[in-house]
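Q: Below are the sequence and a predicted model for it; my questions follow.
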Amino acid sequence: MKQVSVFTLALVALCHFGSAAQAPLSYTISFPKPSSHYVEVELNVAADAQDTVELRLPVWTPGSYLIREFSRNLDGMQANSMGAPLAVQQFEKNAWRLVKAPGAALQLRYRVYSKEFSVRTSFVDEERAALVGTTYLLFIPKYLQARHELTIQPYSKWKNVATALPQIGNNVWQLYANNYDELVDAPIEIGNFKSFSFEEAGVQHQVAMSGLDKFPEKELKRDMAKIVAVATDVFGHQPNQNYLFIVQHSLQGGGGLEHSASTTLQTRKTAYDTPKSYQDFMGLVAHEYFHLWNVKRLRPVALGPFDYNRENYTHNLWFSEGFTSYYDNLLLARTALMEEGDYLKVLSSGFEAVLGNKGDEVQSVAQSSLEAWIKFYLRNENSNNISVSYYRKGAMLGFVFDAALLAATEGAFGLDSVLKRMYHRYALGLNRGFTDAELCDEFRQHLGAEADSIFKHYIYGTRPIDFARFASYAGLVLEDTASRKPLAYFGAAWRKQADKQFITALREGSAAWEIGLQTDDVLLKVNGKAEKDFDAWLAQQQPGDKIKLKIWRRGEEITFEGKIGTYPAPRFYLYKQPDASAQQRLIYEKLVGYPF
């Protein structure tokens, strides 16, 4: 029986196939020795009048805000035109230049080492090729908006391909894109894998399950469809006719990355084995699917069209990533994939994490967005003292805005309504991103001065968020139980290696910080005794107890003395107010997704 590629199943229903007209740029990729981890590329540039040709490779992947220097993996570039070799001059880290005869076509060959298995990079071995276009497809600035074509010559053992790129004619190995952005916005999975499909919200969804042969297909179809339905309800519009989930299974997992008509999800091979791990996977599905609107289409003005040569700065990742994180759990609650009590615990733990983070005193969430390029993905032992997560704090700001909007409109207009209106205005109507000022204006329309205060103090400032006030709008009581039984806290994070314990991080202002401990210190004794597990020992102590540590540091034994501190973060209990009003009950149902 002939194997049908996943690509055929996923995209044959598109309105039309690509024409045979020649594109200015056409790529052919091959994998003659996949065990070497190389993808080999041939790039043909159609004849044109220019004599000097500039070629570039992106330095980052949209959706992952870090300069990754993909050109470090490119080698062996050769060029020829009219049957003669051409000299290629590299003039920047990711840019090359060559001179050809005007009116002549051009052919380049190069290869790219691909051995980083993540959703934002490419990976090749004998089992699969998982390709992200920004890592290996050169572009010519002049032709960014022109049609690009791509032919795949698969390794002999590979039978399937999955991608959102439309095919040319009936050949599933020949693909095209209307411009370079579309080309690199469609990851490609090649290998041998199973797949399934489902239809929801008028969209055909294909799911390529790479790296795992047995999985609960019936349950996945049912629950993924639920997520698609409720996510679509938020925006009231489906921009795609077809959508592709590429699910890559491995021992370690690895998150997800959004694209306009597809997503790549990395999860553990055991993701479907327990209710909790299954729920976590569904949360990942919800997060990346919600992105097909929020950030891929409804976006800050800085995030498209992209500049692939440098950082693309925005203050608003708390909106694009944080609000999406808010909705990934909320959508699970709305579909009953997360129980009501569990969702309340998610909220309370989120409040604790934001208010308990030392960095929240130092860095605003708007600054965190701007500095994502140098801080979020480049963390060190001091990061928690000086930075906040735009994912985590942004998610809790989603709750703040949702509650405030519902309260201001007596339950008629919440965050769903703002996102829907903004999507239809900016993405569908104006076909551009929103500015910082426009974003604030959208909330000001219903919140007035409350919006200005939230932006000033909670987004661009570092004032602690009054979560209790916003929770009360929904008849919820947020009680800090920390004072009932104060917990001992020392402020050092430990890593165990063999029979040793090393300090990996210190909270500024904590007992460990104040007595002079440092990262990489090795614990020898606590109060004169060798303790195999410092955290277990600490759990048996009380705030104010004396502590004496013997530490090994750079070849010397050093003794430190001090007192154990008190756990600095709140410990919240979030529960329903028994005498909640009718309006609070209505807001609760819209805010939580369950009846009061």
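A: All right, it came through fine.
Q: pLDDT at V4, what is it?
A: pLDDT, V4: 31.
Q: can you check F193 too?
A: Value listed for F193 in the pLDDT field: 98.
Q: and if you look at G254?
A: For G254, the model assigns a pLDDT of 84.
Q: Just want to check the distance between it and F470.
A: Remark: distance between G254 and F470 (C-beta to C-beta, to the nearest Å) = 33 Å. Glycine gets a C-beta too; all of them are placed from N, C-alpha and C.
Q: So for the two, which residue has more residues nearby?
A: Set G254 next to F470 and count neighbours by other C-beta atoms under 10 Å: F470 wins out with 24 against 16.
Q: how about the more buried one, what does it touch?
A: Neighbour list for F470: 399-400, 403-404 [criterion: C-beta atoms under 8 Å, 6 or more residues apart in numbering].
Q: same question, D328
A: Contacts of D328 (C-beta under 8 Å, 6+ apart): 283-284, 286-287, 290.
Q: quick revisit: out of the contacts of F470, which two sit at the greatest distance?
A: Pairwise distances across the contacts of F470 (C-beta to C-beta) peak at 9.4 Å, for the pair F399 and A404.
Q: Let me know the next secondary structure element after the strand or helix carrying Q78.
A: Under the criterion of DSSP states H and E, Q78 resides in strand 74-81. The element immediately downstream of strand 74-81 (helix or strand, assigned by DSSP H and E) is strand 84-86.
Q: Report the buried residues of whichever helix or strand comes after that following strand.
A: The element immediately downstream of strand 84-86 (helix or strand, assigned by DSSP H and E) is strand 89-92. By neighbour count on 16 or more other C-beta atoms under 10 Å, the buried set for strand 89-92 is empty.
Q: Strand 89-92 - contacts with which helices or strands?
A: strand 95-99 (3 or more C-beta pairs under 8 Å, 6 or more residues apart in numbering; DSSP states H and E).
Q: which other residues reach the helix or strand following the strand it packs on?
A: Toward the C-terminus, strand 95-99 is succeeded by strand 106-113 as the next helix or strand (DSSP H and E). For strand 106-113, contacts defined as C-beta under 8 Å, 6+ apart pick out 37-45, 53, 55, 70, 73-81, 86, 88, 98, 100, 122, 135-136, 138.
Q: and strand 106-113, which strands flank it?
A: strand 38-45 (antiparallel), strand 74-81 (antiparallel) (DSSP bridges).
Q: Of these, which is nearest K546?
A: Judging the strands paired with strand 106-113 by C-beta to C-beta, what sits closest to K546 is strand 74-81, at 59.1 Å.
Q: mean confidence for stretch 365-384?
A: Mean predicted confidence for stretch 365-384 is 97.
Q: Would you state the helices of the stretch 451-596 of the chain in chain order?
A: Using DSSP state H, counting those that start in this stretch, the helices of the stretch 451-596 of the chain run over 467-472, 511-514, 534-538, 582-592.
Q: For these, give me a markdown table that also has distance to Y458.
A: Converted to a markdown table, the helices of the stretch 451-596 of the chain look like this (distance: least, C-beta to C-beta, whole Å):
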| stretch | distance to Y458 |
| --- | --- |
| helix 467-472 | 10 |
| helix 511-514 | 27 |
| helix 534-538 | 32 |
| helix 582-592 | 18 |
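Q: As CSV, those with mean pLDDT and distance to F31 would be great.
A: Listed next are the helices of the stretch 451-596 of the chain as CSV, based on pLDDT from 0 to 100; distance: least, C-beta to C-beta, whole Å:
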stretch, mean pLDDT, distance to F31
helix 467-472, 98, 52
helix 511-514, 98, 51
helix 534-538, 97, 47
helix 582-592, 97, 49
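Q: S250: which of the ones you listed is closest?
A: helix 534-538 (29.3 Å).
Q: which residues of this protein score low on pLDDT?
A: Counting by pLDDT under 70, the chain contains low-confidence ranges at 1-21.
Q: care to break it down by domain?
A: 6-192, 196-278, 293-472+580-596, 488-566 (automatic domain parsing).
Q: Figure out which of those domains is closest to D480.
A: domain 293-472+580-596 (8.5 Å).
Q: Distance from the closest one to the middle of the chain?
A: 15 Å (C-alpha atoms, centre = their mean, to the nearest Å).
Q: What of stretch 85-92?
A: 36 Å.
Q: will you turn the domains of the chain into CSV that also has distance to D480?
A: Below are these laid out as CSV (distance: least, C-beta to C-beta, whole Å):
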stretch, distance to D480
domain 6-192, 34
domain 196-278, 27
domain 293-472+580-596, 8
domain 488-566, 13
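Q: looking at those, which is closest to F572?
A: Judging these by C-beta to C-beta, what sits closest to F572 is domain 293-472+580-596, at 4.2 Å.
Q: Need the distance between the two termini of the closest one.
A: 30 Å (C-alpha to C-alpha, to the nearest Å).
Q: Checking my notes, G341 in a helix, right?
A: Yes. G341: assigned to a helix according to DSSP: H, G, I helix; E, B strand; the rest coil.
Q: returning to what we had before: got a PyMOL select line for the buried ones in the contacts of strand 106-113?
A: To isolate the buried members of those in PyMOL, using 16+ other C-beta under 10 Å:
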select buried, resi 37+38+39+40+41+43+44+45+53+55+70+73+74+77+79+81+86+88+98+100+122+135+136+138
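Q: Helices along the stretch 151-300 of the chain, start to end?
A: 180-184, 217-235, 275-290.
Q: ok, L347 - how many residues close by?
A: Counted with other C-beta under 10 Å, L347 comes out at 24.
Q: so what secondary structure elements neighbour the helix or strand encompassing it?
A: Assessed by DSSP H and E, L347 sits inside helix 340-356. Counting contacts by 3+ C-beta pairs under 8 Å, 6+ apart, helix 340-356 is packed against helix 323-334, helix 390-408, helix 467-472, strand 476-480, strand 572-576, helix 582-592.
Q: Run through the residues that contact the closest residue to A530 other than its chain neighbours.
A: Leaving out its chain neighbours, the residue that sits closest to A530 by C-beta to C-beta, 6 or more residues apart in numbering is L524, at 7.2 Å. Residues in contact with L524 (C-beta under 8 Å, 6+ apart) are 530, 549-552, 557.
Q: Would you mind checking those residues for buried ones?
A: By 16+ other C-beta under 10 Å, the contacts of L524 give 549-551 as buried.
Q: Make TSV out of the residues you listed and add distance to A449.
A: Converted to TSV, these look like this (distance: C-beta to C-beta, whole Å):
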residue	distance to A449
L549	51
K550	57
I551	53
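Q: which ones among the residues you listed are found in strands?
A: 549-551 (DSSP state E).
Q: where along the stretch 101-250 of the chain do the strands fall?
A: Applying DSSP state E, counting those that start in this stretch to the stretch 101-250 of the chain gives strands spanning 106-113, 123-124, 128-131, 148-153, 160-162, 167-168, 171-177, 188-191, 194-200, 203-210, 242-250.
Q: Noted, bye for now.
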